[in-house]
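> show me how the following folds:
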Amino acid sequence: DGHVVNVNPAMVDMLGFNNEEELLSFGKTVSISIFDNIEKQFEELSSQGVSTNNIYFRRKDGKQVWAINRSKLIVKSTGVISHIEGSIIDVTQSKLKDVAIKEQAKERKNLEIAEASAKAKSEFLSNMSHEIRTPLTAIIGFSEALQYFDLSKDEKAEAVRLISGSSRSLLQLINNILDYSKLEANKLSIENVPVNVFLLVESVRKEVSEIAQRKGLRFDVHYEYPIPEEVFGDPFRISQIIENLCSNAIKFSGKGDVTLLMSWNGTLDRLIIRVSDSGLGMNVDDQKKLFGLLGQADTSSTRQFGGAGLGLAISKKLAKIMGGDIEVLSEFGKGSEFTFIVGGSIPNNIEWIRDGNTLMTSKYKRKSESLNLTGTVLLAEDNIVNQKLIEKLLRKTGVNVVIASNGLEACSICDNTPPDFVLMDVNMPIRGGLEATRYLRDKGYVMPIYALTAETDKEQIINVLKAGCEGVLY
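Residues are numbered from 1 along each chain as shown. Next up is the predicted model:
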């Protein structure tokens, strides 16, 4: 019944009472503290006659106590249960020592993790600094050369090519940093639409071939038919992964060729894209580090071949988000083979491509068309450089371009002479692009309005469309 009938002074002191009488008056509370699982322990006492359990409680003064309770059942000669006797051993000091040892071990482990993290971040930032400064130096240097030196026609063309290439490298690096940050924060959105895989691969072929050619390498694309013409997925991200695998293969190959092979695995019901090279290759230990934050086997390869090391880490995460994966087979000195398993299913009633003849049709041949448009486009953009660039591109189509430097000015132009089409920067002074768009829609203007933004966050795009824009350009 939980009544304590007799205790010794050590028990009184251990439980934090002043005397025996005070403890006995709290008998049921004491019993609950001692027997923390009454049904189980009474069953042990009944069946085995003894029971042992570890207990933890706080005394009235707040002191923590860990102890071992050892009890036995006292039965009269008549078979009637009389009472329970037992002893409680205070093991607090031993427990506190164990806790202190574990805390010290935990602190050492946390310190090791923190030091390793700090080292990795330091290496990463150092590498980022180098990767950012390198193309920037080329951009500034060759821009000043064009401005201040008398260069030949070929020298000017080479300077422009190097500026363009360095700018693209810098943009890719910045995009990779932003992508990685969004992936780590689980804020990167993925589309799931039908993707024509042949058009996508052929587009990659054109871009990558030029890079390979400049390095003296051969880039080939092969197909193992039959292959479905379309799969569900995100065309931008699938293309991003393929381009990254091909670019890496070219970067780490000094000679020979790089091959992209696309096939369909009927067992997995998945599209398979293999990118193989005859380049540097990796040992087993380096392959384990390959998809980490720095993404390159060691700093020597970073120094020799360059690169921020984010591409493969991002590609692996993207592939997994889309239901696929990236695998690698490599041998040091003999090249590498990366396998991209595209996770998307295929649309119903899809056409299967069974030979290369289909790829020779007009559908797959790149068309070069010059646009000849009429009308007026309002460009609302506060950045002067962007104004000049976008205006030049628009005027090449034949349209008239009117420029507004902020949202208020854009609204004023529309109120006076409504344009046929509006390109609206989202972030502008005085009145932002979304506020300006809402104003125009509230006034009843129905001309197409497309938002210009560098932000690809899904929530931002939703806000743009809610404001009244037909679409987003970034």
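> check contacts around Ser336.
Listed by CB atoms under 8 Å, 6 or more residues apart in numbering, the contact set of Ser336 reads Ala249, Phe252, Ser276, Asp277, Gly279, Leu280, Gly281, Met282, Val328, Leu329, Ser330. Backbone N, C-alpha and C define where each C-beta goes, glycine included.
> just the buried residues out of those, in ChimeraX syntax.
Typed into ChimeraX, the line below selects the buried ones among these, using 16 or more other CB atoms under 10 Å:
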select :249,252,276,277,279,280,281,282,330
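> okay, the contacts of Ser336 in TSV with secondary structure, distance to Arg168 and pLDDT next?
Putting those into TSV (DSSP: H, G, I helix; E, B strand; the rest coil; distance: CB to CB, whole Å; pLDDT from 0 to 100) gives the following:
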residue	secondary structure	distance to Arg168	pLDDT
Ala249	helix	18	90
Phe252	coil	19	85
Ser276	strand	25	93
Asp277	strand	21	91
Gly279	coil	22	82
Leu280	coil	24	81
Gly281	coil	27	84
Met282	coil	27	84
Val328	strand	26	91
Leu329	strand	30	91
Ser330	strand	27	89
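> can you redo the contacts of Ser336 as CSV, where the extra columns are distance to Ile211?
Below are those laid out as CSV (distance: CB to CB, whole Å):
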residue, distance to Ile211
Ala249, 10
Phe252, 13
Ser276, 17
Asp277, 13
Gly279, 14
Leu280, 17
Gly281, 20
Met282, 21
Val328, 21
Leu329, 23
Ser330, 21
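> quick one: which of the contacts of Ser336 is nearest to Lys121?
Lys121 lies nearest to Met282 out of these, by CB to CB, at 24.0 Å.
> what distance do you get for the residue lying closest to that closest one once chain neighbours are set aside to Glu39?
Taking CB to CB, 6 or more residues apart in numbering, and ignoring the residues beside it in sequence, Met282 has Ser330 as its nearest neighbour in space, at 4.4 Å. Using CB to CB, to the nearest Å, one gets 60 Å for the distance from Ser330 to Glu39.
> now do Lys206
Distance of Lys206 to Glu39, computed by CB to CB: 75 Å.
> ok, Gly375 - contacts?
With CB under 8 Å, 6+ apart, Gly375 has these contacts: Val399, Asn400, Pro419, Asp420, Phe421.
> does the first one really touch Leu378, like I thought?
It stands for Val399. No. The pair Val399 and Leu378 does not pass the contact test of CB atoms under 8 Å, sitting 10.6 Å apart.
> need the residues touching each of these two.
Shared contacts of Val399 and Leu378 (CB under 8 Å, 6+ apart): Phe421.
> which of these two has more neighbours?
Between Val399 and Leu378, counted using other CB atoms under 10 Å, the more crowded position is Leu378 (23 against 17).
> distance between the helix or strand encompassing Gln240 and the chain's centre?
According to DSSP states H and E, Gln240 maps onto helix 235-251. The chain centroid and the centroid of helix 235-251 are separated by 16 Å, computed with CA atoms, centre = their mean, to the nearest Å.
> likewise stretch 440-452?
35 Å.
> averaged over its residues, what pLDDT does stretch 427-438 have?
Averaging pLDDT along stretch 427-438 gives 93.
> centre of the chain to it, how far?
On CA atoms, centre = their mean, the centre of stretch 427-438 falls 31 Å from the chain's centre.
> about what we covered before: who does the residue nearest to Met282 form a beta bridge with?
Residues in a beta bridge with Ser330, per DSSP bridges, are Ser336.
> residues touching it, list them.
Ser330 sits next to Gly281, Met282, Gln287, Ser336, Glu337 when contact means CB under 8 Å, 6+ apart.
> including distance to Thr52, could the residues you listed go into TSV?
Listed next are these as TSV, based on distance: CB to CB, whole Å:
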residue	distance to Thr52
Gly281	61
Met282	56
Gln287	52
Ser336	60
Glu337	61
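> Thr78: which of these is nearest?
Nearest to Thr78, judged by CB to CB, of these is Gln287 at 76.6 Å.
> remind me what the top helix by length along the chain packs against, helices and strands.
Criterion DSSP state H: the longest helix present in the chain is helix 92-148. Under the contact criterion of 3 or more CB pairs under 8 Å, 6 or more residues apart in numbering; DSSP states H and E, helix 92-148 touches strand 64-75, helix 153-184.
> mean confidence score for the shortest one?
Taken as a whole, strand 64-75 has a mean pLDDT of 91.
> how far off helix 92-148 does that strand point, in degrees?
Here the directions of strand 64-75 and helix 92-148 differ by 140 degrees (axes from the mean of the first three to the mean of the last three CA atoms, to 10 degrees).
> and for the longest one?
Here helix 153-184 runs at an angle of 160 degrees relative to helix 92-148 (the same axes, to 10 degrees).
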